[in-house]
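# pasted the sequence and its predicted model underneath.
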Amino acid sequence: MLNPSAARVLLIGWDAADWRLIRPLLDQGQMPHLRQLMQRGVSGSISTLFPAYSPMLWTSIATGKRAYKHGIFGFTEPAA
């Protein structure tokens, strides 16, 4: 049994990934490395926040805070 303090976690975030497109590719053998990662670990979909703007979402994932706390709302900064 692994020592819990020695366990490793790899979180892969794939912007705009859609399982409806990925699964057929996996079934056709088009993504062997991803299939291997999935077979050795776990995978799934996550919920999202709205509006679904990448800068806001990835900053929320990285910080654990909502946009009103971290201040990133989109791709550009509003003019002062």
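Good, I have the coordinates.
# contacts and neighbour counts: CA atoms only from here.
OK.
# domain map for the chain?
16-44, 47-79 (the TED database).
# from those domains, which stretch is densest packed?
domain 47-79 (a mean of 13; mean count of other Cα atoms under 10 Å).
# and that one, how far from the chain's centre?
14 Å (Cα atoms, centre = their mean, to the nearest Å).
# can you give me the end-to-end span of that domain?
In domain 47-79, first residue to last residue: 31 Å (Cα to Cα, to the nearest Å).
# ok, of the domains of the chain, where does mean pLDDT dip lowest?
Of all the domains of the chain, the minimum mean pLDDT falls on domain 47-79 (a mean of 87).
# that older thread, okay, the domains of the chain in JSON lines with distance to Leu10 next?
Output for the domains of the chain, formatted as JSON lines (distance: least, Cα to Cα, whole Å):
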{"stretch": "domain 16-44", "distance to Leu10": "9"}
{"stretch": "domain 47-79", "distance to Leu10": "14"}
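# nearest to Ala7, of the ones you listed?
Closest approach to Ala7 among the domains of the chain is made by domain 16-44 (12.5 Å; Cα to Cα).
# any idea how far apart the tips of the closest one sit?
Domain 16-44: ends 14 Å apart by Cα to Cα.
# likewise for stretch 22-40?
End-to-end distance of stretch 22-40 (Cα to Cα): 17 Å.
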